[in-house]
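# Give me a model of this one.
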Amino acid sequence: MTTTLATEQRGTAPVRRPRMPPWVRALRYWLYQYKRTWKGSITVSFLYPVLYLAAMGLGLGSLINHHVGTVDHVHYLEFLAPGLLAATAMQIAGTEATYPVMDAIKWHRTYFAQLATPLRLADVLFGHLGWITARLATVTAIYLGVMAAFGTVLSPWAILAAPAGVMTGLAFAAPMAAFAATQQREAAFTTIYRMALVPLFLFSGTFFSVSQLPLWLQDVAYATPLYHGVALCRDLTLGQLHPAADVVHGLYLLALTGTGVAAAMKTFRRRLVV
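Just a heads-up that it's a prediction; the model follows:
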């Protein structure tokens, strides 16, 4: 009888689950929010690369291939596709790290609600950046799949182009989140899109080689994170690896991300911790 009772007690003992890092709880909030909109965003994530690659890669590309030949020794569609992958990551990061940050501070005050729990400031920040990372991973994986369908994946190294796209996005997301936390109004975000993201999209090697720019503009392009993201994604997708340069591209993106995280910790603390 005693043995049976001990066995039953052991059988009803609560099972301890491994404790998740606190920032994952903040991440789960953003994932829960996304449940309402994921179908529309996934559709757009498939549609945009198809339209871009069909219009710019096949349409314009056929004209360029006919009159110019190859671009950097590859067809224009193969040159364009990895650049668009990195540029799309930049645009997604810019969207996720501006208005949602202001919303979580000023309008819905999500960050304040999270800080009212045992979560720390770092947990709140890393939870949001973790969500942006997940969003970027989804979009870049879809984009890479569409690129493969268009026949623009020429190397097994292309599987690393998706993580490279995530790194490119985070190099924008972290500094922009730090900036967004300092703003009282959203007007500055429109200025950033018009005066920073759009010029980067056009002049950082996405559509043509940076070497075609004037020398002074080449130096400006080399200093931009999108150039490094485009170059890294292109090398991996085409299999034209330049080990030293590619390591520099990756380190540049990681350094900018780390700098942005450090800046975000300061601006978030200044704004959220009274």
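# Residue 30 contacts residue 129, correct?
No: with contact defined as CB atoms under 8 Å, residue 30 does not reach residue 129; the gap is 10.0 Å. Glycine gets a C-beta too; all of them are placed from N, C-alpha and C.
# The two: which has the busier surroundings?
A count of neighbours by other CB atoms under 10 Å puts residue 129 above the other of residue 30 and residue 129, at 25 against 20.
# Quick one: distance of the helix or strand harbouring residue 40 to the chain centre.
Using DSSP states H and E, the secondary-structure element containing residue 40 is helix 38-52. Relative to the chain's own centre, helix 38-52 is displaced by 16 Å; criterion: CA atoms, centre = their mean, to the nearest Å.
# just checking, next helix/strand downstream of it?
helix 61-67.
# Contacts for that next one next, please.
The set of residues external to helix 61-67 that reach it, using CB atoms under 8 Å, 6 or more residues apart in numbering, is 71, 75-77, 80.
# pLDDT-wise, what's the bottom of those residues?
Taking pLDDT as the measure, the contacts of helix 61-67 have their low point at residue 71 (83).
# For the stretch 51-200 of the chain, which segments count as helices?
Along the stretch 51-200 of the chain, the segments classed as helices by DSSP state H, counting those that start in this stretch run 61-67, 76-96, 99-102, 110-115, 121-149, 161-180, 187-192, 198-203.
# Quick check: which helices or strands does the longest one pack against?
Using 3 or more CB pairs under 8 Å, 6 or more residues apart in numbering; DSSP states H and E, the elements in contact with helix 121-149 are helix 22-34, helix 38-52, helix 76-96, helix 110-115, helix 161-180, helix 243-272.
# repeat that for 10 Å
Here helix 121-149 is seen to pack against helix 22-34, helix 38-52, helix 76-96, helix 99-102, helix 110-115, helix 161-180, helix 225-238, helix 243-272 when contacts are counted using 3 or more CB pairs under 10 Å, 6 or more residues apart in numbering; DSSP states H and E.
# So residue 44 is in contact with residue 139, correct?
Yes: at 9.4 Å, residue 44 and residue 139 qualify as touching, with contact defined as CB atoms under 10 Å.
# Give me the more crowded residue out of these two.
Neighbour comparison, residue 44 and residue 139: the larger count goes to residue 139, with 27 against 12 (by other CB under 10 Å).
# In contact with the more buried one: list those residues for me.
41-42, 44-46, 48-49, 85, 88-89, 91-93, 162, 165-166, 169 (CB atoms under 10 Å, 6 or more residues apart in numbering).
# can you do 8 Å?
45, 88-89, 92, 165.
# Sort the residues you listed by pLDDT and name the bottom one.
When the contacts of residue 139 are compared by pLDDT, residue 45 scores lowest at 75.
# from what I can see it touches residue 143, true?
Yes: counting by CB under 8 Å, residue 143 is a contact partner of residue 45 at 7.5 Å.
# In terms of neighbours, single out the busier of these two.
Each of residue 45 and residue 143 had its neighbours counted (other CB under 10 Å), and the higher figure belongs to residue 143 (28 against 20).
# Quick check, pLDDT for the more buried one.
93.
# JSON lines for the helices and strands packed on helix 121-149, including distance to residue 149?
What follows is the helices and strands packed on helix 121-149, written out as JSON lines (distance: least, CB to CB, whole Å):
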{"stretch": "helix 22-34", "distance to residue 149": "25"}
{"stretch": "helix 38-52", "distance to residue 149": "8"}
{"stretch": "helix 76-96", "distance to residue 149": "11"}
{"stretch": "helix 99-102", "distance to residue 149": "31"}
{"stretch": "helix 110-115", "distance to residue 149": "38"}
{"stretch": "helix 161-180", "distance to residue 149": "15"}
{"stretch": "helix 225-238", "distance to residue 149": "14"}
{"stretch": "helix 243-272", "distance to residue 149": "25"}
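# That's all I had, so thanks and see you.
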